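Novice: Fold the stuff below for me.
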Amino acid sequence: MTVEQTPPWWTSAVVYQIYPRSFADSDGDGIGDLNGITAKLDHLVRLGVDVVWLSPVYASPQADNGYDISDYQDIDPVFGTLADFDRLLAEVHARGMKLIMDLVVNHTSDEHPWFVESRSSKDNPKREWYWWRPPREGFRAGEPGAEPTNWESFFSGPTWTLDEASGEYYLHLFDRKQPDLNWENPQVRQAVYAMMRWWLDRGVDGFRMDVINVIAKDPDLPDGAITGTSGLGNGYPHYGTRPRVHDFLQEMHREVFEGRDGQYLTVGEMPGVTWEQARLFTDPARREVDMVFQFEHVALDHGPGGKFDPKPLRLRDLKASLGRWQTALRDVGWNSLYWNNHDQARVVSRFGDDKRFWRESATALATVLHLHRGTPYVYQGEEIGMTNASFTGLADLRDVESLNHYRHAVAAGTPPETVLDGIHRMGRDNARTPVQWDASPQAGFTTGTPWIAVNPNHTWLNAQAQYDDPNSVFNHYRRLIGLRHTLPVVALGDFHMLLADHPHIYAYQRELDGTRLLVVANLCDSEQSAELDWPDAEVVLSNTGELRRENGKITLGPWEAHVLVK
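Specialist: Residues are numbered from 1 along each chain as shown. Purely as a prediction, here's the structure:
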């Protein structure tokens with residue numbers, strides 16, 4: 001195989017996401033930190049992952065837990081120092097792993113010096129670094145409806161906040177403390193690229209790019225179609241995956257990565273991206289990003305009222321969605337594979353059965369995901385089957401998205417208990433409870449009072465209890481990751497969905513150079529059967545034991561999953 005034909009290293013890699021605030025606390029202040037991560041790196045070595053993705057640790061007022069950055073080239077004191085970061089990076093590299101940073105450049109904090117300057121006067125040189133607009137024609141600043149456009153924020157309410165001093169509004173697609181950068185301004189882009197080069201010079205191995213497909217706004221900022229009950233409009237067509245974003249990402253590649261020695265990973269988080277668009281973003285010849293995070297499959301259980309109005313997942317819909325992405329990116333580009341991250345409820349509670357079949361459903365869902373063609377992402381705690389939290393009320397919540405949603409939904413007339421039920425099931429805080437290391441008080445996460453409550457089930461659901469149990473969720477993840485490292489068919493094989501219309505069994509085949517791999521799993525809590533004839537195949541991984549097959553038919557117990565090779 002020539003150098004040109006050698007597959008990129010990340011085709012056989014597995015990425016582990018760390019949400020630093022909730023991973024491990026080294027100093028007893030109740031908040032996870034960099035030294036806590038360093039102390040737990042051997043857990044990742046034991047698991048077998050190749051890349052650590054670090055959610056933001058930059059200086060921040062923490063309005064959105066670090067996704068509101070006030071200094072891109074410093075570490076927030078709550079997480080440690082640059083020296084602590086350098087030590088962590090050295091220890092990651094010493095263990096043969098890579099580290100990628102979270103790149104949050106659609107917006108900054110309103111406390112970033114760039115924005116402080118921008119809002120200081122209308123004629124400040126940095127005024128055009130952000131999106132400033134006067135009130136809508138015919139309205140006075142501050143009047144209802146005076147916002148320059150009718151767009152609704154991702155975090156509820158309008159996307160515009162009035163600056164009293166200047167009488168103008170600034171744009172924020174997220175929280176009011178997260179003003180959007182104006183990427184049409186070349187000075188903004190050059191400042192971002194310089195910052196990225198600074199981190200690469202420091203030794204990091206790439207970037208996960210936060211909501212990177214919304215950086216290119218239509219400069220006319222037109223109103224959006226009114227949706228839902230808020231009376232606000234959907235601005236996404238005017239900022240989501242617009243043609244200019246390809247120009248920006250290609251320029252970023254030229255300015256930051258081209259000609260630089262090293263093996264870097266770039267993954268773009270892209271809400272609303274389609275597979276047609278993903279083919280463009282991930283086509284290696286276009287030099288934009290290596291892979292994207294798409295959201296199609298994690299929106300399948302959203303009801304008519306959106307994310308906080310969940311409905312049951314239909315497995316046929318999931319198979320159709322994931323299968324479509326496998327087919328679409330087969331000949332160009334690359335898939336990312338994930339169930340969980342810091343923005344999603346825990347998959348074993350969401351798509352599995354965290355009561356009667358906790359271990360079986362956690363391992364079945366892992367099996368189905370990991371052996372698709374693409375790069376798998378494991379979110380902290382997923383590898384031990386962590387579940388949704390057991391919040392009792394509003395006081396337990398910390399997430400700005402959930403708190404804003406509660407306020408707006410109750411004000412609009414939705415019963416509080418209905419709103420809380422949706423938050424309990426789908427809120428981001430479910431993913432943010434501390435990692436459960438052991439059965440001790442606070443789950444071994446901290447010696448102090450944690451910033452958000454530890455899940456009470458840590459007394460039995462924890463890493464320490466699983467390390468030496470060959471049947472544990474943790475060791476199943478280890479074996480799955482091992483298959484990707486040792487079987488080329490897992491990394492590079494063609495994908496073919498089987499039993500596409502079966503309502504409960506998820507099955508597919510991978511094939512490469514005469515080796516065939518079959519994945520079959522029953523994703524429900526009752527016994528299921530199907531016609532599937534693989535008589536000579538060897539079972540290389542199972543979450544329950546013996547596979548029952550007879551006369552060209554397989555029978556699977558609740559949440560039973562097997563991987564076969566021939």
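
Novice: Which neighbouring elements make contact with the helix or strand containing residue 327?
Specialist: Using DSSP states H and E, the element containing residue 327 is helix 315-328. On a contact count with 3 or more CB pairs under 8 Å, 6 or more residues apart in numbering; DSSP states H and E, helix 315-328 meets helix 275-282, strand 494-498, strand 505-512. C-betas here are computed from N, CA, C, even on glycine.

Novice: Please point out which parts of it sit buried.
Specialist: 315, 318, 319, 320, 321, 322, 323, 325, 326, 328 (16 or more other CB atoms under 10 Å).

Novice: repeat for stretch 389-399
Specialist: So, applying 16+ other CB under 10 Å, buried residues of stretch 389-399: 389, 391, 397, 398, 399.

Novice: May I have the distance across it, first residue to last?
Specialist: Distance across stretch 389-399, first residue to last, is 13 Å (CA to CA, to the nearest Å).

Novice: By residue count, tell me the biggest helix in this protein.
Specialist: Of all segments of type helix in the chain, defined using DSSP state H, the longest is helix 186-202.

Novice: Name the nearest residue to residue 118, sequence neighbours excluded.
Specialist: In space, residue 118 comes closest to residue 126 once its chain neighbours are excluded; the distance is 4.4 Å by CB to CB, 6 or more residues apart in numbering.

Novice: In a helix, residue 52, correct?
Specialist: No - counting by DSSP: H, G, I helix; E, B strand; the rest coil, residue 52 is not found in a helix; it is strand.

Novice: ok, so of the buried residues of stretch 389-399, who is nearest residue 286?
Specialist: Ranked by distance to residue 286 (CB to CB), the buried residues of stretch 389-399 are led by residue 399 at 35.5 Å.

Novice: Touching, the residue nearest to residue 118 and residue 108? I think so.
Specialist: No - with contact defined as CB atoms under 8 Å, residue 126 and residue 108 do not form a contacting pair (11.1 Å).

Novice: out of those two, which sits in the more crowded spot?
Specialist: Using other CB atoms under 10 Å, the more surrounded residue of residue 126 and residue 108 is residue 108, with 26 against 20.

Novice: now that one: how far from residue 428?
Specialist: Residue 108 is 21 Å from residue 428, where distance means CB to CB, to the nearest Å.

Novice: which ones are touching residue 386?
Specialist: By CB atoms under 8 Å, 6 or more residues apart in numbering, residue 386 lies in contact with 346, 348, 433, 435, 436, 455, 461.

Novice: Now do the strands in the stretch 301-450 of the chain.
Specialist: Using DSSP state E, counting those that start in this stretch, the strands of the stretch 301-450 of the chain run over 302-303, 306-310, 336-337, 375-379.

Novice: picking up where we left off before, mind giving me JSON lines with the buried residues of stretch 389-399 and columns for pLDDT and distance to residue 300?
Specialist: Shown next, in JSON lines, are the buried residues of stretch 389-399 (pLDDT from 0 to 100; distance: CB to CB, whole Å):
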{"residue": "389", "pLDDT": "93", "distance to residue 300": "22"}
{"residue": "391", "pLDDT": "81", "distance to residue 300": "24"}
{"residue": "397", "pLDDT": "80", "distance to residue 300": "25"}
{"residue": "398", "pLDDT": "81", "distance to residue 300": "27"}
{"residue": "399", "pLDDT": "76", "distance to residue 300": "22"}
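
Novice: Out of those, which comes closest to residue 282?
Specialist: Nearest to residue 282 among the buried residues of stretch 389-399, with distances taken as CB to CB, is residue 399, at 30.2 Å.

Novice: and the closest one, what are its phi and psi?
Specialist: Torsion angles at residue 399 (phi, psi; degrees, to the nearest 10) stand at phi -80, psi 130.

Novice: ok, it touching residue 429?
Specialist: Yes - the pair residue 399 / residue 429 is scored as a contact, 4.7 Å apart, by CB under 8 Å.

Novice: that older thread, tabulate the buried residues of stretch 389-399 (TSV), appending distance to residue 336.
Specialist: As requested, the buried residues of stretch 389-399 are exported to TSV (distance: CB to CB, whole Å):
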residue	distance to residue 336
389	25
391	29
397	28
398	27
399	23
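
Novice: Low-confidence stretches in this structure?
Specialist: 1-4, 229 (pLDDT under 70).

Novice: Select from the contacts of residue 386 every entry located in helices.
Specialist: Of the positions in the contacts of residue 386, residue 348 sit in helices, assigned by DSSP H.

Novice: Measure how buried the residue nearest to residue 457 when sequence neighbours are not counted is and give me the count.
Specialist: Leaving aside its sequence neighbours, residue 457 sits nearest to residue 387 (CB to CB, 6+ apart; 6.5 Å). By other CB under 10 Å, the residues close to residue 387 number 23.

Novice: ok, residue 387 - contacts?
Specialist: Residue 387 neighbours (CB under 8 Å, 6+ apart): 346, 348, 349, 354, 358, 455, 457, 461.

Novice: Residue 295 now?
Specialist: Here residue 295 is in contact with 270, 271, 272, 273 (CB under 8 Å, 6+ apart).

Novice: before we move on, what about residue 385?
Specialist: Here residue 385 is in contact with 348, 358, 359, 362, 363, 461, 473 (criterion: CB under 8 Å, 6+ apart).

Novice: Kindly report the same for residue 367.
Specialist: Applying CB under 8 Å, 6+ apart, the residues near residue 367 are 476, 480, 519, 521, 541, 543, 561, 563.

Novice: re earlier: so what's in contact with residue 126 and residue 108 at the same time?
Specialist: 114, 115.

Novice: so what's the residue nearest the centre of the chain up against?
Specialist: Ranked by distance to the mean C-alpha position of the chain (CA atoms, centre = their mean), the top residue is residue 341 at 4.0 Å. Residue 341 sits next to 17, 293, 377, 379, 431 when contact means CB under 8 Å, 6+ apart.
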